[in-house]
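Enquirer: Give the three-dimensional model of this entry:
(2 chains)
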Protein chains: 2
Amino acid sequence: MAEKAKKSSKLTPTRAENFPEWYQAVVKAADLAEMKHVRGCMVIRPWGLGMWEQIRRRFDEVIGELGVENVYFPLFIPLSYIQKEADHVAGFAKEMAVVTHHRLELDEAGQLVPAAPLNEPVVVRPTSETIIGESMKGWIDSYRDLPMLLNQWANVVRWEMRPRVFLRTTEFLWQEGHTAHETEAGALAESLQMHEVYRELAATWLAIPVIPGEKPASERFPGAERSFTIEAMMQDGKAVQAGTSHFLGQNFAKSADIAFSDRDGGRSLVWTTSWGISTRLVGAVVMVHGDDDGLRVPPLVAPSQVVLVPIARGGEDDARVLEACREMKRELETRSMKPGVTLRVRVDARDRRSVDRRWEWVRKGAPVVIEVGARDLDQGTVSAIRRDDLENRVEISIGDLSAALPALLEDIQASLLAQATTDLERRIRYDVVDLAGFEAHFEEPDAAFVVAPWCSSPECETVAADRWSVSIRCIPFDRAGEAGPCVICGVAGESAVWGRSY
Amino acid sequence: MAEKAKKSSKLTPTRAENFPEWYQAVVKAADLAEMKHVRGCMVIRPWGLGMWEQIRRRFDEVIGELGVENVYFPLFIPLSYIQKEADHVAGFAKEMAVVTHHRLELDEAGQLVPAAPLNEPVVVRPTSETIIGESMKGWIDSYRDLPMLLNQWANVVRWEMRPRVFLRTTEFLWQEGHTAHETEAGALAESLQMHEVYRELAATWLAIPVIPGEKPASERFPGAERSFTIEAMMQDGKAVQAGTSHFLGQNFAKSADIAFSDRDGGRSLVWTTSWGISTRLVGAVVMVHGDDDGLRVPPLVAPSQVVLVPIARGGEDDARVLEACREMKRELETRSMKPGVTLRVRVDARDRRSVDRRWEWVRKGAPVVIEVGARDLDQGTVSAIRRDDLENRVEISIGDLSAALPALLEDIQASLLAQATTDLERRIRYDVVDLAGFEAHFEEPDAAFVVAPWCSSPECETVAADRWSVSIRCIPFDRAGEAGPCVICGVAGESAVWGRSY
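Expert: Numbers count the residues shown, from 1 in each chain, chains lettered A, B, ... in the order given. This is a model prediction of the structure:
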């Protein structure tokens, strides 16, 4: 009955043909970003950055309610700060951009060359524990100043030898939370709370189900006592670490000497945490929700949730159609999916064929696309394309549009989460119990996660890494108590999530 | 009748005693920022960053309505890009941070030193015309792709030899808009439109009256054909360039070869613009609105517009008072100063004497501070401190609070603008007509702007600069037609705004 939305050809290659190349194709077709200009660095285009801005807006709301305040620290960190924490040095030294000069000059050949060397070179921040610790020392005087809950939105740089757009880039955008507490229990609770915030953000806003758990020692943040992670499974079975929260103990408090007057009249060191999510989440959205037609963006983080495409025939109806679209936009923008955040609606009236515009928004993954022509206006009905079901258009009376859309978007949000959850639950393997089974499973290039015991020895991690490029993604919270023989060596151990990762 | 809010001592020094040191004292007392860690770089604290976040939120709204889309470009720019535009090189080469290595190693003495030199060094962006131009080239194919309206929020670095917090820092936060157009007229109109957006933002949101005009050639952005500016006058009579918008002609289009298929079937170069405001606006807010008690923040950009300070006596009333404050906050947060932006209300229940907390918010310049004790609850009335009038508390019935506050805040916003406007109009001089008068005026260290003709010669600019450190701030739009003898040399010229500047 309804005209099918799908007309265009699939992306080349499809997911089944070559998943990594399909990923690049979606990022390009959806105009999300380009890797250009400087090796490993991204140009993030409006549709990609818009998702990050929605994540940022929501995260700011949540942490604001938790009493966290935003700050901004210098991009540059003196070498002397980095050097204070030995694990930190070991973890980041190999990937740091170093500024050594503060001027350019033209040489004799007319080429620009560095001039005016710095007395002490500075690094471009790979993360800000050290410099924020140095400031906290000056701001924390007594227990009355604790907890201190800070966050910054920033760009960071980790020189990347094998970059992959969004997932692994030399420069990326992130938020980094940094908190200081009076007690060990307070800091641990904070790191677990933020870990749960990330899990909820991923599930509710990005429609990405994740496995929350703790990193093994080998995968901890450099300088952390404990690192908590949320691990998401991409459609090729590989993991993306989608957010991490670290309990730093007193390591950075010691190296920066962040002491305070405690309740007993003595001096104590604070306990600190840090936690972050980054633009790699945009890559995870692509790899979890994309299909062979392009991207599908969960409505809650879509820069435009509804795109109206007026059909222009070059006649007298054009102005009427365009004005009707604008009126629909105004009307829709009085409605909300979540309280306080009105619908984001775009009218795409560019001078291009409507079928091309429509198909561009399908590739970009706008949740709902509605072409509007003079005949639709006359009939009082439009047919909406919902991006999660291109086969069946939804007929909506124009008068009902603003009442119907919030529910339709909620339904799309829920359906994307349901699909991703089904995929994760269907593919994750709990029945791999020994080395033979492990080997058979991970011989497949798109092997999904295995949940199986680990004896806690680094040796067994090394075996899995060397032979199948498999690592322990986390010790999952919800199966942490399940014991059994290590899937690699057979010695008694506890449940771990094994998988390949980006 | 009402208790006076003012108790604490004035800042040291006062504005009259030493304006530059007073400025530093306010920035410190209001916890806005610190210059620390790396020379010329700021740590921006929550109260300072919060103002910038409000400016950002508002500016995003405005440019969103104008069809501008946010993007993010790499922090690093290859030297080869910078080198393409000669004026650009000349303007920025002396202040660029250069990344030459991408690794650190420990030397024999155990010190971290740069390792792994880059084949081609990169600079940390001082501004992004060159790199954005290189991308636009790939995105613009035909006139149908124009205008292209982009903006990015980013940190930029210009190595600063004489840093001053907010006003002149090595790293700062800003937005930079970059647009490409089919015609010269289109690009010029865009740059003038954004110039007007800045003027309106300064006046309406920051309560800062500015003089809009055009920069003389000597003060143009490196690579621009025309630069438009809004100039604000600080309380010591000096100027702050509060926002600039540049018509770049085809200079960057030529250097990056940004061509498109035009309507006549040929190839043409685009015409581009760029425009920016930065965290220096926070410094301007301090220097325009601060008084000897500290900062006064215009309500529309205040991170917290109303601060409720519950008085704790250590008795059974404390819980009741705290809960009453929280209830007032909930109630107030249903109200707005501007449509769509609900009031920002904070309950400051920290474990400190209420008089100290109250005074801290006065120093920070929260527009309205309300101490709430058990007696106030019993009487059903609170007395509010409005920051623009510390002498007279405002008695408000608790039941009327949420109805009264939006109007009270509007009134404070209007009164700050009125005071700044009066100050500007009172001090700006239109009656300086010759060199003797000019000399007499600018012998005063806190001399305000002079509006007087200029013959258009660089020589007269040099005289003013060398003898009195005075520059032409702009050729003002509203007096551009007034002619007369140049105030320096007597040759016929047109009106210019002369002044010292930060």
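Enquirer: Tell me which stretches of the stretch 351-500 of chain A form helices.
Expert: A:354-364, A:374-379, A:401-427, A:435-442, A:458-468 (DSSP state H, counting those that start in this stretch).
Enquirer: So is the first one next to chain B?
Expert: To tie it back to what came earlier, the one meant is helix A:354-364. No - for helix A:354-364, no contact with chain B is found by C-beta under 8 Å from any C-beta of the partner chain; the gap never falls below 11.1 Å. Bear in mind the C-beta positions are built from the backbone N, C-alpha and C, glycine included.
Enquirer: Name the helix or strand for the residue most central in space within chain A, please.
Expert: Computing the C-alpha centroid of chain A and ranking residues by C-alpha atoms, centre = their mean puts residue A:281 first, at 1.5 Å. Assigned by DSSP states H and E, residue A:281 falls within helix A:280-289.
Enquirer: Need the distance between the two termini of stretch A:73-84.
Expert: 18 Å (C-alpha to C-alpha, to the nearest Å).
Enquirer: okay, now the domains of chain A?
Expert: A:19-76+A:126-288, A:299-424, A:435-499 (automatic domain parsing).
Enquirer: right, so of these, which gets closest to residue B:345?
Expert: Residue B:345 lies closest, by C-beta to C-beta, to one member of the domains of chain A: domain A:19-76+A:126-288, at 12.1 Å.
Enquirer: For the stretch 51-200 of chain A, just list every one of the helices.
Expert: A:79-83, A:86-92, A:129-139, A:184-204.
Enquirer: ok, of those helices, where does mean pLDDT dip lowest?
Expert: Ranked by mean pLDDT, the helices of the stretch 51-200 of chain A end with helix A:86-92 at the bottom, a mean of 87.
Enquirer: Got the confidence number for residue A:279?
Expert: In this prediction residue A:279 is given a pLDDT of 98.
Enquirer: Once you drop chain neighbours, what's closest to the closest residue to chain B within the stretch 251-400 of chain A?
Expert: Going by C-beta to the nearest C-beta, chain B is nearest to residue A:351 of the stretch 251-400 of chain A, at 5.0 Å. Nearest non-adjacent residue to residue A:351, counting by C-beta to C-beta, 6 or more residues apart in numbering or on different chains: residue B:144, 5.0 Å away.
Enquirer: shouldn't the one you found be in contact with residue A:353?
Expert: No - in this structure, residue B:144 is not within contact of residue A:353 by C-beta atoms under 8 Å, at 11.3 Å.
Enquirer: pLDDT of stretch A:314-325, averaged?
Expert: What stretch A:314-325 shows for mean pLDDT is 95.
Enquirer: Contact partners for residue A:26?
Expert: By C-beta atoms under 8 Å, 6 or more residues apart in numbering or on different chains, the residues touching residue A:26 are A:11, A:32, A:286, A:290, A:294, A:295.
Enquirer: These: which two are farthest apart?
Expert: Longest span within the contacts of residue A:26, C-beta to C-beta: A:11 and A:32, 13.4 Å.
Enquirer: Show the pLDDT at residue A:61.
Expert: Looking at residue A:61, the pLDDT reads 96.
Enquirer: What's the separation between it and residue B:50?
Expert: 15 Å (C-beta to C-beta, to the nearest Å).
Enquirer: what about the worst-scoring helix or strand of chain A on mean pLDDT, near chain B?
Expert: Least confident helix or strand, chain A: helix A:86-92 with a mean of 87, by mean pLDDT, DSSP states H and E. Yes - residues of helix A:86-92 are located near chain B by C-beta under 8 Å from any C-beta, namely residue A:89.
Enquirer: can you check stretch A:218-231 too?
Expert: No - Stretch A:218-231 is not in contact with chain B by C-beta under 8 Å from any C-beta; minimum separation 13.3 Å.
Enquirer: Between its first and last residues, how far does that stretch reach?
Expert: Per C-alpha to C-alpha, stretch A:218-231 runs 16 Å from first to last residue.
Enquirer: Buried residues, it. List them.
Expert: Residues A:219-231 are the ones in stretch A:218-231 that count as buried (16 or more other C-beta atoms under 10 Å in any protein chain shown).
Enquirer: same check, this time on stretch A:351-366
Expert: Neighbour-count burial for stretch A:351-366 [16+ other C-beta under 10 Å]: A:354, A:357, A:358, A:359, A:360, A:361, A:362, A:363, A:364, A:365, A:366.
Enquirer: Tell me which two in the residues you listed are the farthest apart.
Expert: Most distant of these, by C-beta to C-beta, are A:354 and A:365, 18.5 Å apart.
Enquirer: Check the gap between residue A:422 and chain B for me.
Expert: Noted for residue A:422: a distance of 34 Å to chain B, by C-beta to the nearest C-beta, to the nearest Å.
Enquirer: One more: residue A:189?
Expert: Residue A:189 is 20 Å from chain B, by C-beta to the nearest C-beta.
Enquirer: What is the burial count for that residue?
Expert: When counting by other C-beta atoms under 10 Å in any protein chain shown, one arrives at 15 neighbours for residue A:189.
Enquirer: ditto for the one 3 residues further on
Expert: Summarising burial for residue A:192: neighbours were counted as other C-beta under 10 Å, giving 18.
Enquirer: Return the most buried member of the helices of the stretch 51-200 of chain A.
Expert: When these are scored by mean count of other C-beta atoms under 10 Å in any protein chain shown, the highest mean neighbour count falls to helix A:129-139 (a mean of 22).
Enquirer: Next up, the contacts around residue A:313.
Expert: Neighbours of residue A:313 in contact, by C-beta under 8 Å, 6+ apart: A:373, A:374.
Enquirer: how far away is it from residue B:11?
Expert: Residue A:313 is 68 Å from residue B:11, by C-beta to C-beta.
Enquirer: can you check residue A:244 too?
Expert: From residue A:244 to residue B:11 the distance is 43 Å (C-beta to C-beta).
Enquirer: Could you do residue A:120 as well?
Expert: For residue A:120 relative to residue B:11 (C-beta to C-beta), the value is 34 Å.
Enquirer: Which of these two has more residues huddled nearby?
Expert: residue B:11 (22 against 10).
Enquirer: Give me the buried positions along stretch A:416-426.
Expert: A:416, A:417, A:419, A:420, A:423, A:424.
Enquirer: State the mean pLDDT of it.
Expert: Rounded mean pLDDT across stretch A:416-426 is 98.
Enquirer: Go ahead and produce PDB holding the CA coordinates of it.
Expert: Extracted as PDB, the C-alpha positions of stretch A:416-426 are listed here (Å, rounded to 0.1, in the frame of the first residue of the first chain):
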ATOM      1  CA  LEU A 416      17.200   0.200  18.300                       C
ATOM      2  CA  LEU A 417      18.000  -0.700  21.900                       C
ATOM      3  CA  ALA A 418      16.000  -4.000  21.600                       C
ATOM      4  CA  GLN A 419      17.800  -5.000  18.400                       C
ATOM      5  CA  ALA A 420      21.200  -4.300  19.800                       C
ATOM      6  CA  THR A 421      20.300  -6.100  23.000                       C
ATOM      7  CA  THR A 422      19.000  -9.100  21.100                       C
ATOM      8  CA  ASP A 423      22.200  -9.200  19.000                       C
ATOM      9  CA  LEU A 424      24.400  -9.100  22.100                       C
ATOM     10  CA  GLU A 425      22.400 -11.700  24.000                       C
ATOM     11  CA  ARG A 426      22.200 -14.000  20.900                       C
END
